[in-house]
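Colleague: Build me a model from this:
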Amino acid sequence: MKIRIKGNSLRYRLTKKDVDQFSVNGYIEETIDFGNQTLTYALQQNRLNNLSAIFEDNKITLFMPLTMVNEWILTDEVGFEYYENGLHLLIEKDFKCLDNVAEDQSDNYPNPLFKQQQA
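Modeller: Residues are numbered from 1 along each chain as shown. Below you'll find the model as predicted:
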């Protein structure tokens, strides 16, 4: 799972393995170790109507409604976004990059733009 924070925007990207784990457990997290402190970011299923997020005790938790989870897992839906009190929340499946990059992308979703680029 990747996190991107820019301005007042929070974005999570999940690989196939991440989505599979989330679909089974309803929860997934990653931790960044800064030596004397850690930052944890998590995705948790809930029963609310929209995406929401909290930041407590060095942990960012993005909550995703069960209805969105089911649609996201069972369909080709790329992701969901929501604006909460000026905070832009976005969760999406992680696609393979169209450019050559050094990171391992073997677990990423096929990029739908790849076919268009080949035409």
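
Colleague: who's in contact with residue 66?
Modeller: 45, 46, 47 (CB atoms under 8 Å, 6 or more residues apart in numbering). For every residue, glycine as well, the C-beta is placed using N, CA and C.

Colleague: what separates the residue nearest to residue 55 when sequence neighbours are not counted from residue 75, distance-wise?
Modeller: Distance criterion CB to CB, 6 or more residues apart in numbering; nearest residue to residue 55, sequence neighbours excluded, is residue 61 at 7.9 Å. Between residue 61 and residue 75 the computed distance is 24 Å (CB to CB, to the nearest Å).

Colleague: picking that back up, compute the number of surrounding residues for the residue nearest to residue 55.
Modeller: 17 (other CB atoms under 10 Å).

Colleague: With residue 31 instead?
Modeller: 11.

Colleague: Name the residues linked to it by a beta bridge.
Modeller: residue 40 (DSSP bridges).

Colleague: Is residue 67 part of a helix or strand, or is it coil?
Modeller: When classified by DSSP: H, G, I helix; E, B strand; the rest coil, residue 67 comes out as helix.

Colleague: neighbours around it, how many?
Modeller: Per other CB under 10 Å, the neighbour tally for residue 67 reads 11.

Colleague: give the contact list for it.
Modeller: Contacts of residue 67 (CB under 8 Å, 6+ apart): none.

Colleague: For the contacts of residue 66, which single residue is the most surrounded?
Modeller: residue 45 (17 neighbours).

Colleague: Can you get me a residue count around the residue nearest to that residue when sequence neighbours are not counted?
Modeller: Closest residue to residue 45 apart from its sequence neighbours, by CB to CB, 6+ apart: residue 26 at 3.7 Å. Applying other CB under 10 Å, we find 14 residues neighbouring residue 26.
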